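Enquirer: got a structure for you, letters missing:
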């Protein structure tokens, strides 16, 4: 999810370290955006499909802080807004970009939070 590991010295100044030199990692659900929904489930560039992606835990973000990937193809976010009917989820609107017809995973990166899971 883009969370940075924290490297510490042998003095163990990191509360998550075991006192040895190295890096630690702490995952917290509160710091990780969560993907709630993607719709519609299919569409095409030729039809002008606009995809709505709902994400929880991102707060108010600008469209230029969001990167949306359909497989390896990045399609720019057209807009973002908070949707009160979805427990204040962030809704990202993406105009589907052109790529070969296929079934692809959807990945959402929100700067500076990381990837939604």
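Expert: Good, I have the coordinates. What you are looking at is a predicted structure, and each value in this text was computed from that prediction instead of being measured.
Enquirer: which residues touch residue 52?
Expert: Contacts for residue 52 (C-beta atoms under 8 Å, 6 or more residues apart in numbering) come out as 37-39, 91-94. Where C-beta positions appear, they are placed from N, C-alpha and C, glycine not excepted.
Enquirer: how about residue 79?
Expert: By C-beta under 8 Å, 6+ apart, the contact set of residue 79 is 63, 92-93.
Enquirer: ranking those residues by neighbours, who comes first?
Expert: Top of the contacts of residue 79 by neighbour number is residue 92, holding 24 neighbours under the definition other C-beta atoms under 10 Å.
Enquirer: where does the protein have low pLDDT?
Expert: Residues of the chain that meet the criterion pLDDT under 70 lie in 1-25.
Enquirer: hey, where'd the strands end up in it?
Expert: Remark: strands assigned in the chain by DSSP state E are 6-8, 22-24, 34-39, 50-56, 66-70, 73-83, 89-95, 106-110, 114-115.
Enquirer: tell me the buried residues in the fourth one?
Expert: Across strand 50-56, burial judged by 16 or more other C-beta atoms under 10 Å covers 51, 53-56.
Enquirer: now the third one
Expert: For strand 34-39, the neighbour count (16+ other C-beta under 10 Å) marks 35-36, 38 as buried.
Enquirer: what is the nearest of the contacts of residue 79 to residue 72?
Expert: Checking these against residue 72 with C-beta to C-beta, the nearest one is residue 92 at 18.7 Å.
Enquirer: not counting residues beside it along the chain, what's closest to that closest one?
Expert: Once flanking residues are discounted, residue 92 sits nearest to residue 53: 4.4 Å by C-beta to C-beta, 6 or more residues apart in numbering.
Enquirer: give me the distance between the closest residue to residue 109 other than its chain neighbours and residue 94.
Expert: The shortest distance from residue 109 to any non-neighbouring residue, by C-beta to C-beta, 6+ apart, is to residue 67 (4.2 Å). For residue 67, the distance to residue 94 equals 10 Å [C-beta to C-beta, to the nearest Å].
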